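Student: just a sequence and a predicted model for now, questions to come.
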2 protein chains.
Amino acid sequence: MYTIGQVAEMFDLPISTLRYYDKQGLFPQLIRESGIRKFSENEIEALRVIECLKKSGLEIKDIKLFMDWCAEGPATYSDRFQLIRNQKERVEAEIKQLHKTLDMLKFKCWYYSKAMEDGNEDTAKASIPYGLPEDIRAAYDNSHTQSSDK
Amino acid sequence: MYTIGQVAEMFDLPISTLRYYDKQGLFPQLIRESGIRKFSENEIEALRVIECLKKSGLEIKDIKLFMDWCAEGPATYSDRFQLIRNQKERVEAEIKQLHKTLDMLKFKCWYYSKAMEDGNEDTAKASIPYGLPEDIRAAYDNSHTQSSDK
DNA sequence: TATTAACCTAAAGCTAGGTTTAGGGATTAT
DNA sequence: ATAATCCCTAAACCTAGCTTTAGGTTAATA
């Protein structure tokens, strides 16, 4: 059993955040002794799940839903499964999106180092396709090559 | 040259958002004709950059900084380069983080399909290491195996 | 005995990133 | 000429996710 202060330290979270989570219903099984919160292994695991679901982009009110399901027992396994699977897919999509963002940033990185080298953006501007995936390149192709190409 | 409505449609953004961006100073080169905004190729490219930097986690006020640098010419190439490189690193770190989140979700996915199969979490709870990376597993190891192991 | 530390609550406050509202002007279609 | 459709502004409003404030209880220490 841990006090709120101990848990705050374990997870490197402000105490106020833990109280806020509790108020939002994220610890439906939390027990109090004369008003004071007692965090058991159950809440510690809950917090790990909370952090994971938060990173996956789930809102607090939906995390509460999940935690309520956890408190309800085996009848909710399939709800919990589906929620987790949805978040899994969401994260997979997010990773794909971030890879595109990364490609763009890599291109701009190259672009500005070229511009620094040259003292201007002329050559850089002319060399769009460097390492960019098709769909991003497509946007560039028709914005920068109005003269030669069509 | 495009009107705000055309740009909104091109980028699938509400007009109000474009006006908000303008108000925050994200289009320092934007020209108006008798009060009406005229978006040129320059602003279109700016918007592509804005969307990219937003996805990379940059705040509006820092995006404004970048756009101001763009309007200032070659003297700011190295500032721009450094900002982009920082965001690139940030996105790389974010992708790594999301992979960890994904591993956790995959584990929970497996966990709940096992629980559904069994009608309880007993076997699932006992089989922690399934596909989890070391650092996440470590947290589980000492929370679930107090009895057997130490 | 007094003070320090760690807990508690309710409620107000804050930030980012928009969105909505209320009111107005200019151009085009009927 | 009148009605619809764009455009404009300023300012109020909204949401999520906390954080801060103000005031109070309990328990161990000096």
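Tutor: Everything's here; your move. Note that the structure is a prediction, hence the values are computed from the model and not measured.

Student: name the nearest residue to residue A:127, sequence neighbours excluded.
Tutor: Closest residue in space to residue A:127, ignoring its immediate chain neighbours: residue A:114 at 7.4 Å, by Cβ to Cβ, 6 or more residues apart in numbering or on different chains. No exception for glycine: its C-beta is placed from N, CA and C like everyone else's.

Student: who are the contact partners of that neighbour?
Tutor: For residue A:114, the residues meeting the contact criterion (Cβ atoms under 8 Å, 6 or more residues apart in numbering or on different chains) are A:123, A:124, A:127.

Student: contacting residues for the second one?
Tutor: Same thing as residue A:124. For residue A:124, the contact set (Cβ under 8 Å, 6+ apart) comprises A:110, A:111, A:112, A:114, A:115, A:118.

Student: any residues of chain A in contact with chain B? List them.
Tutor: When proximity is defined by Cβ under 8 Å from any Cβ of the partner chain, chain A lies next to chain B at A:41, A:44-45, A:48-49, A:52, A:55-56, A:74, A:77-78, A:80-81, A:84-85, A:87-88, A:91-92, A:94-95, A:97-99, A:101-102, A:104-106, A:108-109, A:112-113, A:115-116, A:119-121, A:139, A:143.

Student: okay, and which of those residues map to helices?
Tutor: Among the residues of chain A next to chain B, DSSP state H puts A:41, A:44-45, A:48-49, A:52, A:55, A:77-78, A:80-81, A:84-85, A:87-88, A:91-92, A:94-95, A:97-99, A:101-102, A:104-106, A:108-109, A:112-113, A:115-116, A:139, A:143 in helices.

Student: do stretch A:47-57 and DNA strand C meet at all?
Tutor: No. Legend: contact between stretch A:47-57 and DNA strand C by Cβ under 7 Å from any atom of the strand is lacking; minimum distance shown is 14.7 Å.

Student: can you get me a residue count around the closest residue to residue A:15 other than its chain neighbours?
Tutor: On the basis of Cβ to Cβ, 6+ apart, the spatially nearest residue to residue A:15 that is not a chain neighbour turns out to be residue A:8, at 4.7 Å. Residue neighbour count, defined by other Cβ atoms under 10 Å in any protein chain shown, stands at 18 for residue A:8.

Student: what about residue A:8, which helix or strand?
Tutor: With elements taken from DSSP states H and E, the one containing residue A:8 is helix A:4-11.

Student: got the contact list for the following helix or strand past that helix?
Tutor: Once helix A:4-11 ends, the next helix or strand along the chain (criterion: DSSP H and E) is helix A:15-23. By Cβ under 8 Å, 6+ apart, the list of residues contacting helix A:15-23 from outside reads A:4, A:5, A:7, A:8, A:27, A:30, A:37, A:50, A:60.

Student: rerun that using 6 Å as the cut-off
Tutor: Defining contact as Cβ atoms under 6 Å, 6 or more residues apart in numbering or on different chains, one finds that helix A:15-23 is touched by A:4, A:8.

Student: what about it, near DNA strand C?
Tutor: Yes. For a cut-off given as Cβ under 7 Å from any atom of the strand, helix A:15-23 has contacts with DNA strand C, namely A:15, A:19.

Student: for the helix or strand following that helix, name the packing helices and strands.
Tutor: Beyond helix A:15-23 on the C-terminal side, the first helix or strand identified by DSSP H and E is strand A:31-33. Using 3 or more Cβ pairs under 6 Å, 6 or more residues apart in numbering or on different chains; DSSP states H and E as the contact test, no helix or strand touches strand A:31-33.

Student: partner strands of strand A:31-33, parallel or antiparallel?
Tutor: Here strand A:31-33 is paired, per DSSP bridges, with strand A:36-38 (antiparallel).

Student: how many residues are close by residue A:57?
Tutor: The local packing of residue A:57 (other Cβ under 10 Å) involves 14 other residues.

Student: tell me who's in contact with it.
Tutor: Contacts of residue A:57 (Cβ under 6 Å, 6+ apart): residue A:90.
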